[in-house]
Structures are given as C-alpha cells and as structure tokens.
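K.L.:
can you look at this prediction? I've put the sequence above it.
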Amino acid sequence: MAPRLAARSVTVCILILGLWMTRSAPAAAERRPVVVIALSDDAQAESYANLIGTTLVHHDALAPLEPGSMIGALVGEFVDEYRDKIASAEGTRARAEKALADFVFPVAISTAQVGHESLNTVVPSTYAIGLYADLALILAKAKLGENKQAEAARFFGLVHNLNPGRRLDPALHLPEVVQAFEAARAGRARTGTLAIKGAGKIWIDGKIDGKDRGAATRQFDLPEGLHVVWLTGDERETIGKQVYVDADKENVLDLGDAPAPPRLKVQRARLKLSRATSPAARAEAMHQLAELLDVHDAVLITMSGTKLIVQTWHDGLPEGLLAGFSAYRLAEGEKPLDLLRPLVPPPLVERDPRGRRPLPETPWYRRRGVQASIAAGVVGAIVGSVVLARSLGDGQVGLDHDLVFLPPKMAGQ
C-alpha cells in the first residue's frame, strides 16, 4: 500500500475507533418476568393468554416465564384433584351395597374399605362426608352379618360421629340393624385424648379444627370410639386415617408431612384466585401465587360473557410502579403492548442536585462529557494523520503502476 493511501486509511480507522470508544448509549435493563394467568377455562381466554406470552417474548423490559416452567398450569382447564377419587368411592359404594344385598359380606367389607381409602385423600366436604358415612354403614351391616357385633358397633359409632342426626328407616333395614345402630349412639359418653402429629389443617370426623398451625402436635378430647382424621393444606397433600380412641387414655396419631408437588400448589393457587370474591381474599391469593412463581408482575385474563377482560398486578418491587391490581380493560380494540404498559417502569428523570425541579433526561450524544470526548478523539485522529503524512516525506507519493514482481527463480539475477 502506498504511504499516502496508508495515511488516509489510518486516519479513518482512528476516527471510527474514537467514536466507538466514546459512545455512551445506555445499557438495557434486565427484563422482569411476568406471569400470565387465565382466570377462566374458556378456550378464548387461553388463546389470548398465549398471545400476551408471545408479546412478552419480544418485549424490551418484560419477559415471559422460563420455558418448561408452570405456564401450562396457569391456563386451560382448572385442576379438580378430587373428582376421580370421589367417583371411585361412588363406584365402590354401589358394588359394596350389591355384595351386601347378596349376603357376600367379605366382598362388601373389602369393597367399602377401598372406598374409604379413596376418600382419605379428599378434602372433607358435605358430600364426601356423607359418602364416607354410607360406606361406614355398609361395613357395620356386613360385620353384623358376620356376627362380629363389637366391630359392627365401631362402624355404627363412626356413622354417628360423621352424621350425628342420622336415623335408619325401619322399613328399609332389619330390626336388629336398627337396634345395633341406636345402641352405638348411646354408648359414646366416655372420652379419651387424641394427640395428632403432622403439619396442616386438622379435620376430625369432617369438622375442621381451624387454621393451619404448622407441624406442632395438637391434642383433642374425643368420645370413645372410631374416628377419621384428615390433614389438609395448600402446601401439602391430603392424608386421612381412621383411629380408635380408647377412653381415659392418651392416643397418638402421626400423619406426618406430605408436601404437595410444586405444580399442584400453583394449580391450587390459580383456582383459589379465580374463586376469590373479596378484595382481601383476591390479594392474598395473588400474593401466594406470585410467591410460588417468584415473580413481581402478572397479567390476569378473565371473561365477562363473551368479552375478554385484562388486568395487571404488581407487588411494589421494584419501586416506581403502582402496587396492586390495575383497572380492568377490555382486550377488544387494545394492543397487547398497550395492555402491558402499567408494568413498564417510567423513564428515569435526572433531578437538579439542589432539588429544585426535575431535569429532562439528556440524550447520550448531547452530553458535554461525551461531546468533549468525541472532539478530543477527532482532533487526535487529525493530528496523528498529519504527523504520519509528514513522516513519509514531501516527494510525490503514489502507486507505482510499473512495479514488477520477479518470479522466485529470477531473484538475484
């Protein structure tokens, strides 16, 4: 390359390098993950939730949850973790009643016990408790049919514990069955102590003890006889077990800890949020769900008739955004980016150091420090090119078009 052309190339390179080194474009802030929740199992709500998720993929400040996380648990059909178990117990009741009517008592007993095992993993409800009592009555009648009066009395007593006001119709039951049933009602005067170990809410014979008290051992005075105890909670799997309480003794039942899988926890929290009616309950459910997913921002999608309703939520961290739920907005006619705007932090504003008034943010290329650096770089590049040119001499400098390169074998001739 000729010296003059080399000097020109050096000058351009110095200018480009100076501009690159003095650029001061602001760095992009870390994108905040946003959870998108469909509070309706309608296909339209699920489709729009997917659209919001796609928009988040390309957003500058916000991002969707990581792929393979809990996204699938937040849209579509709500989980009904007890439906199949209750259906199974209903089926065992029908089969056990048939075996009892056919006087096949062992089959009636084993079938009814299978039904109880299914219901031991179901949070007690009025229907589930009634179903549990029906199966206990079948067990009692089958035991009575086997001439095991003491065991029959235990299950008759369990029916009374589950459904104290229940009566047997003499037209539908044998006199000895009605007599044994009423005798079990009268024999419940003595009590014993039951210590229950395990974390969660305690249900005894279908009646809840109260709030979740953690893993501390709790004691209860109960009538002598057979009882069923459940431990339930948002954070655990439901476990129930039958226990016989001896009078004037301290009886112990250890149900242990059975943490629910993370996905089930999220599904429960979503269902709880969709069913919340009061503002306090809704806020509590939303905070619980956000904590499970480790996010601070959410988009909630629900349906009002055929209309899609969108609402955002922010927990206050990071600061700069309004905490809590935003106003409801119709998705129709709105762009997804506009619906996400309440979750986008406002632009930073420089303030006067004396605190008098806010100053508008100055573009990076207009800041004095940046301009001074660019000017210095340009001057340095020009001076450097001049010095380089002078050092190459004052003669005519250019490309020699007559320059010939000799082959290797002719070198030195």
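P.N.:
Structure received.
K.L.:
now L131, what are its backbone angles?
P.N.:
Dihedral pair for L131: phi -70, psi -40, per degrees, to the nearest 10.
K.L.:
wouldn't it be in contact with K85 here?
P.N.:
No: taking contacts as Cβ atoms under 8 Å, L131 lies outside contact range of K85: 10.5 Å. Heads up, the C-betas are built off the backbone N, CA and C, glycines and all.
K.L.:
residues contacting M286?
P.N.:
L273, A298, W313, F325 (Cβ atoms under 8 Å, 6 or more residues apart in numbering).
K.L.:
of L131 and K85, who's got more company?
P.N.:
L131 (22 against 19; other Cβ atoms under 10 Å).
K.L.:
quick one, what contacts that one?
P.N.:
For L131, the contacting residues are I86, A89, E90, R93, G115, L119, by Cβ under 8 Å, 6+ apart.
K.L.:
at 10 Å instead, please
P.N.:
I86, A89, E90, T92, R93, G115, H116, S118, L119, V122, S125, L162 (Cβ atoms under 10 Å, 6 or more residues apart in numbering).
K.L.:
in helices only, show me the contacts of M286.
P.N.:
When the contacts of M286 are checked against helices (DSSP state H), the matches are L273.
K.L.:
most surrounded residue in the contacts of M286?
P.N.:
W313 (25 neighbours).
K.L.:
okay, and the beta partners of the residue nearest to that one when sequence neighbours are not counted?
P.N.:
Using Cβ to Cβ, 6 or more residues apart in numbering and skipping the chain neighbours, the partner closest in space to W313 is A298 (4.3 Å). On the basis of DSSP bridges, A298 takes part in beta bridges with V35, W313.
K.L.:
what about A298, distance to A101?
P.N.:
Relative to A101, A298 is positioned 55 Å away (Cβ to Cβ, to the nearest Å).
K.L.:
and the chain, what are its domains?
P.N.:
Per automatic domain parsing, the structural domains of the chain span 3-26+364-391, 80-188, 189-260.
K.L.:
to V57, which of these lies closest?
P.N.:
domain 3-26+364-391 (22.6 Å; Cβ to Cβ).
K.L.:
which residues touch D80?
P.N.:
I86, Q267, L271.
K.L.:
picking up where we left off before, quick one: residues contacting the residue nearest to W313.
P.N.:
34-37, 74, 273, 286, 289-290, 311-315, 325, 343.
K.L.:
closest to L172 out of those residues?
P.N.:
Distances from L172 to the contacts of A298, taken by Cβ to Cβ, are shortest for L273, at 45.1 Å.
K.L.:
count of residues packed around the residue nearest to that closest one when sequence neighbours are not counted?
P.N.:
Leaving aside its sequence neighbours, L273 sits nearest to A285 (Cβ to Cβ, 6+ apart; 3.9 Å). Using other Cβ under 10 Å, A285 has 20 other residues around it.
K.L.:
ok so, going back, which of the domains of the chain comes out lowest on mean pLDDT?
P.N.:
Among these, domain 3-26+364-391 carries the lowest mean pLDDT, a mean of 50.
K.L.:
what about the residue most central in space within the chain, which helix or strand?
P.N.:
The chain has V266 as the residue nearest its centroid, 3.2 Å off, counting by Cα atoms, centre = their mean. Per DSSP states H and E: V266 is located in helix 262-275.
K.L.:
mind listing what's buried along that helix?
P.N.:
L264, K265, V266, Q267, R268, A269, R270, L271, K272, L273, S274 (16 or more other Cβ atoms under 10 Å).
K.L.:
circling back: could I get the contacts of M286 as JSON lines with distance to G256?
P.N.:
Below are the contacts of M286 laid out as JSON lines (distance: Cβ to Cβ, whole Å):
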{"residue": "L273", "distance to G256": "29"}
{"residue": "A298", "distance to G256": "34"}
{"residue": "W313", "distance to G256": "36"}
{"residue": "F325", "distance to G256": "38"}
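K.L.:
E182 contacts R167, correct?
P.N.:
Yes: counting by Cβ atoms under 10 Å, R167 is a contact partner of E182 at 8.8 Å.
K.L.:
between those two, who's got more neighbours?
P.N.:
Set side by side, E182 and R167 show more neighbours around E182, with 14 against 10, by other Cβ under 10 Å.
K.L.:
V310 belongs to a strand?
P.N.:
Yes: the assignment for V310 is a strand, going by DSSP: H, G, I helix; E, B strand; the rest coil.
K.L.:
pretty sure it sits against Y48.
P.N.:
Yes: contact criterion Cβ under 10 Å: V310 and Y48 qualify, at 7.9 Å.
K.L.:
what touches both of the two?
P.N.:
V36, V299, I301, A331, P336, L339.
K.L.:
can you pull the contacts of the second one?
P.N.:
What that stands for is V299. Contacts of V299 (Cβ under 10 Å, 6+ apart): 34-38, 48-49, 52-53, 55-56, 62, 310-313, 326, 336, 339-340, 342-343.
K.L.:
skip the chain neighbours and tell me the closest residue to it.
P.N.:
V36 (4.8 Å).
K.L.:
isn't the one you found up against N50?
P.N.:
Yes: contact criterion Cβ under 10 Å: V36 and N50 qualify, at 8.2 Å.
K.L.:
and for the two, which residues touch both?
P.N.:
With Cβ under 10 Å, 6+ apart, V36 and N50 have common neighbours I71, V75.
K.L.:
now E334. Its backbone dihedrals?
P.N.:
According to degrees, to the nearest 10, E334 has phi -100, psi 150.
K.L.:
make that P33, sorry
P.N.:
Dihedral angles (degrees, to the nearest 10) for P33: phi -70, psi 140.
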